[in-house]
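**Student:** Here is my input, please return the structure:
(chains A and B, ligands or ions: 3)
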Amino acid sequence: MTDFEPKIVAFLCNWCSYRGADLAGTSRMKCAANVRAIRVMCSGRVEPAFILRAFELGADGVLVLGCHPGDCHYAEGNYKALRRMMLLKRMLKQLGIEEDRFRLDWVSASEGDRFTHVVNDMTEKVRALGPFKAREEAKVA
Amino acid sequence: MPKLQVALYWAASCGGCEIATLAIGDKILKLAEAADIVFWPVAVDTKYADVEKMADKSIDACLFNGAIRNSENEHMAKLLRQKSKILIAYGSCAVEGCIPGLANFYNLKMVLDTAFIDTASTDNVDKILPQTRVNVPEGELELPLLWETVRTLAQTVDVDFFVPGCPPEERTTWLALEALLSGKLPPKGTVIAHPSNAVCNDCPRVKHEKKIKAFHRPYEIVPEPDKCLLEQGLLCYGVATRGGCGAPCPQANMPCTGCYGPVEGVRDQGSHFLTALASIIDSNDPDEIEKILDGIVDPAGTFYRYSLADSMINRARIAP
Ligand code: SF4
Ligand code: SF4
Ligand code: FES
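**Tutor:** Ligands and ions are numbered 1, 2, ... in the order given. Below you'll find the model as predicted:
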């Protein structure tokens, strides 16, 4: 398990979190290289189906980052994301997907350090869980 | 014109689809005029061996209902595919797994323990479970092997058309049969139903902007007769369900449960409904949102009641 490098898909909103990630980069902060960033206009654009699809295609963890509550460029998009992801969390639990594989968080354009913290923290938690994969289809003897 | 050779089969299903076929009423006579039923275990005395002897593609069309959850289901799906020119997944079980597919929330051991050991009304002190082989004086008998995961027909063999519904409404069944009898078939892969964006489209209830402060279960409230059920806090699935059924459920004061499957263009019906519901919750406060969500007692079971086996995460991951 030690050389397992988790694949984490991260949906970053254009106005805050993507810029926060950019800042982390231009400030040469050290950050786990496990994140595949997908830029979306707003965290409210992220449909729960995107997250399921990421898992289906082999992601070990999925991260959604948006502007802090009250700061969404489109006023309410991140509240919509909050409601969806809270309900999605309940559903993923029923499907046996560990809580730490999915995270919604807020990162502003000036929070490069917060971006690296969230990414590093999530990477370690997912690394501890191991790869996400469908169970082998077993038959009864 | 030679008569059409038609077969009907049931795999893992409840039998409702067989009854739905008969629900077309006296139109069944039109079917009998135009078609020979060459195989239909529930109504015609034919054996699997009779099908095995048929020439490949000698059946013009097979209406196959039921999900695939054991070796017998799979064998018959492959056999009927081989013998039929057109294979139709008829009803929600064949199309998307439906109620049998809910077994995918568990593993096989849990399913067998519940069915044969744990239920209060079961008296099985020796914990006897069904075996696949047993010797009797007449020889060895064989029972089908149960799979761990329930699959849809299209996950098992190539399927030409899909007829949605649990079970399909009479009008939908007849639409499919008419297409078959007239030879005017839509392109391969079509879900055959009366065109309609969503169940809400066909629902006469009055719709306003939706803002929800609390969800209720049907027994908890008496809904107002004309107002959209979802706006009254009932988990009505009409917003995320293919139309064409004619919306009989909301017209009978029951919320739609989603049996016609996802709307055209959507693959994962459950997360689509989840998205719609979360969007209309009228709160931005995490604590209040949690409280409102507590009103949805079984999210995964409600959202994937019919489509778990066909969804993106097609089964629960269960720790070994
Ligand atoms: S949500 Fe249900 S009750 Fe409301 S319009 Fe749609 S089908 Fe009718
Ligand atoms: S209203 Fe919904 S549950 Fe009722 S038949 Fe139509 S799709 Fe199925
Ligand atoms: S624009 Fe950043 S969350 Fe909406």
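
**Student:** What about B:H208, how many residues nearby?
**Tutor:** 8 (other CB atoms under 10 Å in any protein chain shown). Any C-beta I mention is one placed from the backbone N, CA and C, and that applies to glycine too.

**Student:** Tell me if I am right that it is in a strand.
**Tutor:** No. Secondary structure of B:H208 (DSSP: H, G, I helix; E, B strand; the rest coil): coil, not part of a strand.

**Student:** Show me what the residue nearest in space to the middle of chain A bridges to in the sheet.
**Tutor:** Centroid-nearest residue in chain A: A:L63, 0.2 Å away (criterion: CA atoms, centre = their mean). Beta bridges link A:L63 to A:A10, A:R103 when assigned by DSSP bridges.

**Student:** Report the contact partners of it.
**Tutor:** Going by CB atoms under 8 Å, 6 or more residues apart in numbering or on different chains, A:L63 touches A:8-11, A:35, A:102-103, A:105, A:118-119, A:122.

**Student:** any idea which helix or strand carries B:V51?
**Tutor:** Under the criterion of DSSP states H and E, B:V51 resides in helix B:48-53.

**Student:** And the contacts of the next helix or strand after that helix?
**Tutor:** Going down the chain from helix B:48-53, the next helix or strand is strand B:59-65, by DSSP H and E. When contacts are defined by CB under 8 Å, 6+ apart, strand B:59-65 is touched by residues B:4-11, B:13, B:17-18, B:21, B:35, B:38-39, B:77, B:80, B:83-91, B:93-94, B:153, B:163, B:167, B:176, B:180.

**Student:** Just the ones of the residues you listed in strands?
**Tutor:** Among the contacts of strand B:59-65, the members found in strands (DSSP state E) are B:4-10, B:35, B:38-39, B:84-90, B:163.

**Student:** residues in contact with the helix holding B:V51?
**Tutor:** By CB under 8 Å, 6+ apart, the list of residues contacting helix B:48-53 reads B:7, B:39, B:76, B:79-80, B:83.

**Student:** Any regions of chain A where pLDDT drops low?
**Tutor:** Within chain A, the ranges that satisfy pLDDT under 70 run A:1-2, A:134-141.

**Student:** Would you list the buried entries among the contacts of strand B:59-65?
**Tutor:** By neighbour count, with 16 or more other CB atoms under 10 Å in any protein chain shown, the contacts of strand B:59-65 hold B:4-11, B:13, B:17-18, B:21, B:35, B:38-39, B:77, B:80, B:83-84, B:86-91, B:93-94, B:153, B:163, B:167, B:176, B:180 as buried.

**Student:** And the helix holding B:V51, what's buried?
**Tutor:** B:V51.

**Student:** quick check, distance from that helix to the centre of its chain.
**Tutor:** 27 Å (CA atoms, centre = their mean, to the nearest Å).

**Student:** try stretch B:306-320
**Tutor:** 15 Å.

**Student:** Which residues are in contact with A:G20?
**Tutor:** A:12, A:65, A:107-112, A:114-115.

**Student:** my bad, B:K83
**Tutor:** Counted by CB under 8 Å, 6+ apart, B:K83 has contacts B:7, B:51, B:54-59, B:62.

**Student:** ok, now B:R133?
**Tutor:** B:R133 is in contact with B:140-143, counting by CB under 8 Å, 6+ apart.

**Student:** The residue of the stretch 101-250 of chain B found nearest ligand 1 and B:A247: what is the separation?
**Tutor:** Per CB to the nearest ligand atom, B:G238 is where the stretch 101-250 of chain B lies closest to ligand 1, at 2.3 Å. Distance of B:G238 to B:A247, computed by CB to CB, to the nearest Å: 7 Å.

**Student:** higher neighbour count, those two?
**Tutor:** A count of neighbours by other CB under 10 Å puts B:G238 above the other of B:G238 and B:A247, at 28 against 23.

**Student:** Report pLDDT for the closest residue to that one other than its chain neighbours.
**Tutor:** In space, and not counting its chain neighbours, B:G238 is closest to B:V199: 3.6 Å by CB to CB, 6 or more residues apart in numbering or on different chains. pLDDT, B:V199: 98.

**Student:** next one: B:A319
**Tutor:** 77.

**Student:** May I have the phi/psi pair for the closest residue to it other than its chain neighbours?
**Tutor:** Of all residues not flanking B:A319 in the chain, A:G96 sits nearest, at 7.4 Å (CB to CB, 6+ apart). Main-chain dihedrals, A:G96, degrees, to the nearest 10: phi 80, psi 20.

**Student:** and what of B:A276?
**Tutor:** Torsion angles, degrees, to the nearest 10, at B:A276: phi -60, psi -50.

**Student:** List the residues that contact the residue most central in space within chain B.
**Tutor:** With distances taken as CA atoms, centre = their mean, B:S92 lies nearest the centre of chain B, 1.9 Å away. Listed by CB under 8 Å, 6+ apart, the contact set of B:S92 reads B:98, B:164-167, B:259, B:261, B:306.

**Student:** cutoff 10 Å now
**Tutor:** Going by CB atoms under 10 Å, 6 or more residues apart in numbering or on different chains, B:S92 touches B:13, B:16-17, B:65, B:67, B:98-101, B:152, B:162-168, B:258-261, B:305-307, B:310.

**Student:** give the contact list for the residue nearest to B:A319.
**Tutor:** A:135, B:105, B:107, B:300, B:313, B:315-319.

**Student:** do that again at 6 Å, thanks
**Tutor:** Neighbouring residues of A:G96 by CB atoms under 6 Å, 6 or more residues apart in numbering or on different chains: B:316-318.

**Student:** Enumerate every residue touching whichever residue of chain A sits closest to ligand 1.
**Tutor:** As assessed by CB to the nearest ligand atom, ligand 1 sits closest to A:L87 within chain A, at 17.3 Å. A:L87 sits next to B:274, B:278, B:293 when contact means CB under 6 Å, 6+ apart.

**Student:** before we move on, the earlier item: show me how to select, in PyMOL, the buried members of the contacts of A:G20.
**Tutor:** Only the buried entries of the contacts of A:G20 go into this PyMOL selection, using 16+ other CB under 10 Å:
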select buried, chain A and resi 12+65+107+108+109+111+112+114+115
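
**Student:** Which residue ranges of chain B form strands?
**Tutor:** Using DSSP E, strands in chain B cover B:4-10, B:35-39, B:59-65, B:68-70, B:84-90, B:133-136, B:139-142, B:146-151, B:161-163.

**Student:** now A:D71: how far from B:E288?
**Tutor:** 20 Å.

**Student:** Check A:F50 too.
**Tutor:** For A:F50, the distance to B:E288 - CB to CB - is 26 Å.

**Student:** Neighbour count: these two, which is higher?
**Tutor:** A:F50 (16 against 13).

**Student:** Up against chain A, what does chain B have?
**Tutor:** B:108, B:145-146, B:148-149, B:268, B:271, B:274-275, B:278-279, B:281, B:284, B:289, B:293, B:299-300, B:312-313, B:316-318 (CB under 6 Å from any CB of the partner chain).
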